[in-house]
Structures are given as structure tokens and as C-alpha cells.
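>>> model the following, please.
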Amino acid sequence: MDTVSILSPTSIGRHFVPPEYLPADQDEYALRNAQSRRPPEQWRHLHSYEVELLVKNSNSADNWDEVLVTDDFDPRRIRNTEFFGLVRIGRLRAAVLEHHDLQVATGITNSKIIACDVGDDVAIHHVRYLAHYIIGDRCVLANIDEMHTTNHSKFGNGILKDGEPEEVRVWLDLVNETGSRRVLPFDEMITADAYLWAKYRDDAALQARLKEITQDSYDSRRGYYGTVGDQCVIKNCRIIKDVKIGSHCYIKGANKLKNLTIKSSQAEPTQIGEGVELVNGIVGLHSRVFYGCKAVRFIMGNNCSLKYGARLLNSFLGDNSTVSCCEILNNLIFPAHEQHHNNSFLVASCVLGQSNIAAGATIGSNHNSRANDNEILAGRGFWPGLCSTIKHSCRFASFVLLVKGDYPAELDIPLPFALLNNNVAQNRLEVLPAFWWLYNMYALARNTWKFQVRDHRKTKVQNVEFDSLAPDTIEEIFTARRLLEVWVGKAALSHEGADLTDKDDDEVAEVGRRLLTDSPQAVAPLEILGEHLEKSKRKVVILRAAEAYAAYGQMLHYYAVKNLLDYLEAHPEATLASMHQHLAGPRERHWVNLGGQLVRGDDVDQLRSDIGSGVLTSWAEIHHRYDALWQDYPQAKQRHAWATLCTLLGTETIDPVRWEQALQKAADIQELIRDEVFASRKKDFDNPFRQATYRSETEMRAAIGTIEEDGFVKQVRQETEDFKKRIDLARPRTQQVE
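You can find the predicted model right below:
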């Protein structure tokens, strides 16, 4: 247990850095002076009459010669305050600072200031202990119990200062509760960095270099002061220790803020609210943390909200995410995550973004394992329904929706856009592939638009693919179609009494493919069983396989043509022949979701190699590589789209006739999207139980409008007309024979 030491009465405010950690040519103020924005010549000593006025106003200093000011200094603005050590005070004049209708006079009153630099026109009132901070201009600090910085402060970064042992280093135990995927936090870390570090644990060279790069990115010398940027308001707080605060930050009523970097700027201000306790973390730009939240060992990305008592522990919360009330432990969460309910729980998971965790959902029960070393990997768009319980270990493809229920065993669902149902009555798991496309087109089409509209980041370091149809989901669809072909083929052959032991998957898949494409009506009576989807002995039944197979085909076709139209618009001189010449090649089948940014698997392998071998030597260089890959991504996606269309058509080239057919089919699919968006939304308006809460149809129209007034329905109708115009513009350039 730490003891209370007795020191010399002259020690307060001095000897901030232990002598053994000071270079021979530097004093304890060297780093402080380097951090200061004001050159030394602008400071002056107090005049004798100023000291007299200060003393008359009940101020004291252990040495008035160490209180420095600027020429524009009004000593009458300081009352009942104690100064210790070297204190430097900027311009101080009679003025009032106003923030959110709070008006506070400039000056320093009823406070204790220890070895601080204070900016121009500040208001510091009732700060009972303020030590080793550099305060910016026009800041308000009021009613703070304790605010200070230690000589070994790291501001939330997972580094060591000179002389510190390895065991004090702060790690984030992401994805796995055992710490087997732990990463070192740093203030510029994005989800791509965290995923790269946490995922590739078998790459020893990568792991070693990432630790070295992080440590080398920060100065290990002791003696850095905490900083508060310009125009910050910090009021009614208890403990603020080792916190670096950006400009225009608003902090009110926080209980404890310790070892943090709170990023904030005039363009993207951050707010911390009442009852909050944050320890060992990074808070991103334009983030909001309110109402009793607790976060320990964490990173919040830009434009995130944490509110209403949420608990965020050992987790990375990606950009544009909102979390309320719930508990999140040991997770790596990609951008655009939503979790709004007091009784939802997420543990030891990697969720690839655009996700929504419903009320009562318990994601990651460890009770089916002998140790807490299991994980959940959920693709983009993961959405477990109300009161769903999922046990470790599970893996889900993109946009999987779970019907309310207790899922009793581990799951591995490779079918994207699927609906899962735990059918207790029949003791079976039911999977409906392509559910979103078939039955909830409104939600699927709105998805891309919704996440783009909610992206209020002005600083976009993490690149994000928001489109639900992108190379990652397209490759999942190809995998799903192959599985459906195999499962339908087995069901058909078994129904005929055929012996499957001497048939390989290719033979079986060919049977299934013929049925799914040529005789889909013959598939309906078959009992189609999925394989290796659940760790149990009960049946896993695939529902509406033929409809899902066709829907997957429509999704592939629409994705391909839509992206090829993008290529033609980006290359006004292009023809069908030149497009083939530029884009033709094998289909890239391995795509990595790198924190929200989709990257070809080979490019990720090259990135890892370049980090491990020392080609990339800093996080700035790694981020630059991400950006370079992002610049290349549209063309990589267009190449993938060309290969996708060729695969669908069963050809290596696309002639004008086939291209015209592809364009017309894409136009038909766009019209299908328009009609299904309307139909799926119309169900809500036609629901008699929804109508029952209104006393009349007139009241219902006044309250929620009509289907024709729905903004997104109108938007999709306009998008359909625009899409058909794009096709009409592309036709003349791609119909010529060369």
C-alpha cells in the first residue's frame, strides 16, 4: 500500500522531474517550455505594486519572483489564490466569458495554482488544485476538485516513460478476454490499426514491429505537462489527472478523468458530461460522453456517442457509433455501430460495422466453454433481434439478422443477408438466405444512404465502405450460391434415392445448379439441409432456396453493372473494348475488411510484410498506405465488378449484345428495388394493429404521413430514374463493334 510521505515545505511545485531523468543540459522546465506557445521574452516579473495588490486581495505565493505575467496584466482580477512554483499568466483584463448562457468573469479566484502556464483571458474559479498544466486562451475552469499531471503522464497512449517497468504499460484486450489479441492504444489509432494488430497474431515480425513503432512514436522523456486547448470549458468536475484536452472541449460534472487524450477542435468539438468516469483511453473528435458512463482501457473513434450509463471496457468503438445504457467488454467494433439498450451485452467479439444490437441481446456467453478464450466474428450489418442469446464461438457473414431467441450452440453462418430462426417447436435451426433482398428491401436499400448521412466526421482518417453490395459481400454471395447448389443437389439426389458416397461436390453442385436455374419449382418440395452451420445434431433447414439463389444472382448482377457504369462515367472516352482491356482479369476472391476499408487480401499481406521488414517505419506511413489503397479501391472494385459479370455470364469477354442484355437486366433490377422498397414499407402503413392506435385514418395521416410522402421511397424512385438515365448515356459508347 502506498504511504503518505513528508516533504520539504518548499518542494511543492518544484522537482517535477526526478533528477535522474533530466539530461545534463536541461532543467525540469525544458519540455514545458517546448510545449509553451509563448516565447520566453514575452514573460516578465511582477512589479512591486502588482505584488502589493495581489497580497491585498488575499493571494499568496511561496516566491513572487516565480510568478511571471505579460505586459497586459490586471492584478485586480486575481483574488484568494495560492501560487507555487513557476506560474506564468497570460493577458488578464476585465472581461466576461460566455458559454451556453453561462457568464463568468475573467480572472483567477479561490484556487491553488502549481507550476502552470495560463493563457490569455481565462476564468479560473474555485479550482482547488491545479498543477502542471498548460491552459489555452479564453478557457473557463470552474469548481474543480483536482486537476494535475504527473511527470510520467502518457495521456492514454500505451507507451513507457524512462525508467518504467513493462508491467505498467497499458494494453487493450480486444476481441478476446484472455489478452491474446491485445494491442497498444495510441491517440491516432483507427480501427484498421487495431484489426491489423489483433487479427494477425501469427505474424511475429508484424507484432514486434507494431509494438516498436508505437513506442517510438512518442517521446519517452518525463516531464510533459497536461494541456487544455483554447476556449475549453471545464466545470463542476472532481478529478482530472494526466489528461490532454483539445480545443473547444466542453467538460461538465465528470467524476474522474484519468490518463486520457480527449481530441477536440473548433470544427469538431467534444463534450464530456455528468457523472462520467473515463480511465486509460482515447476519446475521438466530435464525440459525446454523457450521463454516468464508465469507460476503462478504451478507444472511441471520431463522431461517437457514449451515454446513459453505458460501460465500455477493454474495447475499441469505431467512428460514427452510438452506444447507450449497455455493457461492452473486450470488443473490436468497426464504424457505424448502434447499441441503445440497458439490457444488451456484447463481449469478446469483432463486429465489422454497420451493426445494431437490439434490447436484451446477449452476444457472447462464455458458459459453454471451460475458459474465457472464445470469440465471435460478425460481418458487416450484424443484427441480432430482441432478447437473442448467442454463445461463443460464432461466425456470421455480412448482414445476418437473428430472430428473437436463445441460440443453444455455436454457429457458423456463411450466407449473407440471411435470416436465422431458432425453431424451438420443431427443434431445428432455420436459415432463410437473401432475406433482406426478398422481404425487407426498404431497410437494405436505406442502409447505404443511412450510414452515409450519419457520417458527420470532418476528419476522416478511417476509410469506410458503406455500400451493402461491395466486394466482401459479393464474394460471400458467390460462396453462398455454391453452398446452395451443393445442398440442393444433395437434397434432390437423396429424394431420388441416389447413393451420394461416390459423388464429389462438383457433381452434386451441378445437379443443384440445374434445378435452381432451370427448374426452381422442383426445389420447393425438397427438404434442404445446411451443413456445418451449427454445432449440434439437430437439423439446419434452408428455407426458400430457389428464391434466395435467384435473389443472390440479382444482387451480383446489379453490383457488377452499377460499378461498371461508374467506370464509364469516370472514363468518358471508354468503350466496351477498352473497358475489357483495362478491367479484364481473374476475380479477386479474398477481401479484408480493414477497419471498414475493403482491401484485397494480397495487399494486406504486402502491407504486413512491409511493416515487419521495416519498409514502413511509422504509423503515419502505414496510414498513408491505407490512403493509397483507398485511392486505388474504386478501380479495384470495378475490376472485380467486370470479373463478377463475366462469371455470371459464363464468359471471359462481354460482347455488345451481352452488354446490352446486362444493362437492360440491371435496369429491371433497379425497378424491382424501387417496387420492393415501396412494398416493404407499405406493409407498415397497412398493418391493422398499427392503425389501431389511431382513432381515425385522418389522425394516422396527420401523425405519420402516407406511404407516398415517405422521403426514402421518393428518393429511391428518383434514384431509379437516374440509374436508367445513366444506362441510356452508356449505351452509345458500348454498343459499337470494334
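>>> switch to C-alpha atoms for all contacts and neighbour counts from now on
Fine.
>>> which single strand of this structure contains the most residues?
Criterion DSSP state E: the longest strand present in the chain is strand 233-245.
>>> got a list of what the spatially most central residue of the chain touches?
In the chain, the centroid-proximal residue (C-alpha atoms, centre = their mean) is residue 318; its distance is 1.4 Å. Residues near residue 318 by C-alpha atoms under 8 Å, 6 or more residues apart in numbering: 190-191, 300-302, 304, 332-337, 353.
>>> again, 6 Å this time
301, 333-335 (C-alpha atoms under 6 Å, 6 or more residues apart in numbering).
>>> then residue 509?
485-486, 489 are the contacts of residue 509 under C-alpha under 6 Å, 6+ apart.
>>> and of those residues, the nearest to residue 579?
residue 485 (31.5 Å; C-alpha to C-alpha).
>>> name the element that closest one belongs to?
helix 471-495 (DSSP states H and E).
>>> helix or strand next in line after that helix, which one?
Past helix 471-495, the next helix or strand by DSSP H and E is helix 505-518.
>>> what mean pLDDT does that next one get?
Averaging pLDDT along helix 505-518 yields 95.
>>> circling back: give me the mean pLDDT for the longest strand of the chain.
Mean pLDDT, computed over strand 233-245, is 98.
>>> got the buried residues for the helix or strand just after that strand?
Using DSSP H and E, the next helix or strand after strand 233-245 towards the C-terminus is strand 250-252. Using 16 or more other C-alpha atoms under 10 Å as the test for burial, strand 250-252 gives 250-252.
>>> skip the chain neighbours and tell me the closest residue to the residue nearest to the centre of the chain.
Excluding the flanking residues, the one nearest residue 318 by C-alpha to C-alpha, 6 or more residues apart in numbering is residue 335, at 4.2 Å.
>>> number of nearby residues for residue 453?
A count of neighbours around residue 453, defined by other C-alpha atoms under 10 Å, yields 8.
>>> next one: it relative to residue 466, how far apart?
10 Å (C-alpha to C-alpha, to the nearest Å).
>>> next one: residue 132
For residue 132 relative to residue 466 (C-alpha to C-alpha), the value is 44 Å.
>>> out of these two, which sits in the more crowded spot?
residue 132 (27 against 21).
>>> show me the contacts for the closest residue to residue 94 other than its chain neighbours.
Nearest-residue entry for residue 94: residue 106, 6.4 Å, with adjacent residues in sequence omitted and distances by C-alpha to C-alpha, 6+ apart. With contacts defined as C-alpha under 6 Å, 6+ apart, residue 106 is in contact with 95-96, 121-123.
>>> how about low-confidence regions in the stretch 351-500 of the chain?
365-370 (pLDDT under 70).
>>> show me the helices in it, by range?
Taking DSSP state H, counting those that start in this stretch to define them, one finds helices in the stretch 351-500 of the chain at 435-439, 441-453, 471-495.
>>> about what we covered before: of the contacts of residue 509, just the buried ones, ChimeraX syntax please.
Buried residues among these (16+ other C-alpha under 10 Å), as a ChimeraX selection:
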select :485,486,489
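>>> now distance to residue 277 too, for the contacts of residue 509, in a markdown table please.
A markdown table is the format used below for the contacts of residue 509 (distance: C-alpha to C-alpha, whole Å):
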| residue | distance to residue 277 |
| --- | --- |
| 485 | 53 |
| 486 | 53 |
| 489 | 57 |
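>>> domain ranges for this protein?
15-148, 152-161+171-396, 452-519+546-652, 655-738 (automatic domain parsing).
>>> worst mean pLDDT among those?
domain 655-738 has the lowest average pLDDT among the domains of the chain, namely a mean of 88.
>>> dump the residue contacts of residue 686.
Contacts of residue 686 by C-alpha under 6 Å, 6+ apart: none found.
>>> phi, psi for it please.
Per-residue torsions, residue 686: phi -90, psi -10 (degrees, to the nearest 10).
>>> tell me how far it lies from residue 443.
Residue 686 is 17 Å from residue 443, by C-alpha to C-alpha.
>>> these two touch, right, residue 121 and residue 94?
No - between residue 121 and residue 94 there is no contact under C-alpha atoms under 6 Å: 8.5 Å.
>>> more neighbours, the two?
More crowded of residue 121 and residue 94, by other C-alpha under 10 Å: residue 121, with 25 against 12.
>>> how about the more buried one, secondary structure?
coil (DSSP: H, G, I helix; E, B strand; the rest coil).
>>> show me what contacts it?
Contacts of residue 121 (C-alpha under 6 Å, 6+ apart): 91-92, 106, 138.
>>> by neighbour count, which of these wins?
Counting by other C-alpha under 10 Å, top hit in the contacts of residue 121: residue 92 with 25 neighbours.
>>> ok, and the closest non-adjacent residue to residue 223?
Nearest to residue 223 is residue 151, by C-alpha to C-alpha, 6+ apart, at 4.5 Å.
>>> the one you found - how many residues pack around it?
19.
>>> OK, contacts around it?
Counting by C-alpha under 6 Å, 6+ apart, residue 151 has contacts 17, 222-223.
>>> how about those residues in a markdown table, adding distance to residue 74, neighbour count and secondary structure?
Formatted as a markdown table, those follow (distance: C-alpha to C-alpha, whole Å; neighbours: other C-alpha atoms under 10 Å; DSSP: H, G, I helix; E, B strand; the rest coil):
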| residue | distance to residue 74 | neighbour count | secondary structure |
| --- | --- | --- | --- |
| 17 | 32 | 18 | coil |
| 222 | 34 | 22 | coil |
| 223 | 30 | 25 | coil |
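>>> adding distance to residue 524, write these out as CSV.
Shown next, in CSV, are those (distance: C-alpha to C-alpha, whole Å):
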residue, distance to residue 524
17, 77
222, 72
223, 73
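>>> secondary structure class for residue 143?
strand.
>>> residues near it, how many?
Neighbours around residue 143, by other C-alpha under 10 Å: 19.
>>> thought it was touching residue 124?
No - when contacts are counted by C-alpha under 6 Å, residue 143 is not listed as touching residue 124 (8.6 Å).
>>> as CSV, the contacts of residue 121 with distance to residue 650 and secondary structure would be great.
Below are these laid out as CSV (distance: C-alpha to C-alpha, whole Å; DSSP: H, G, I helix; E, B strand; the rest coil):
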residue, distance to residue 650, secondary structure
91, 75, coil
92, 77, strand
106, 75, coil
138, 68, coil
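>>> go through the residues you listed and say which is closest to residue 309.
Out of those, the member with the shortest distance to residue 309 (by C-alpha to C-alpha) is residue 138, at 31.3 Å.
>>> ok, the closest one touching residue 122?
Yes - here residue 138 reaches residue 122: they are 4.6 Å apart, a contact under C-alpha under 6 Å.
>>> want to throw the buried residues of strand 250-252 into a markdown table with distance to residue 625?
Formatted as a markdown table, those follow (distance: C-alpha to C-alpha, whole Å):
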| residue | distance to residue 625 |
| --- | --- |
| 250 | 34 |
| 251 | 36 |
| 252 | 39 |
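>>> which of these lies closest to residue 462?
Nearest to residue 462 among these, with distances taken as C-alpha to C-alpha, is residue 250, at 24.6 Å.
>>> check contacts around that closest one.
232-233, 271.
>>> again, but for residue 166
Contacts of residue 166 (C-alpha under 6 Å, 6+ apart): none.
>>> can you rerun that using 10 Å?
159-160 (C-alpha atoms under 10 Å, 6 or more residues apart in numbering).
>>> and the one helix or strand residue 547 maps to, what does it pack onto?
Residue 547 belongs to helix 545-570 when assigned by DSSP H and E. The contact analysis (3 or more C-alpha pairs under 10 Å, 6 or more residues apart in numbering; DSSP states H and E) places helix 545-570 against strand 428-432, helix 435-439, helix 471-495, helix 505-518, helix 576-583, helix 619-649, helix 656-686, helix 711-734.
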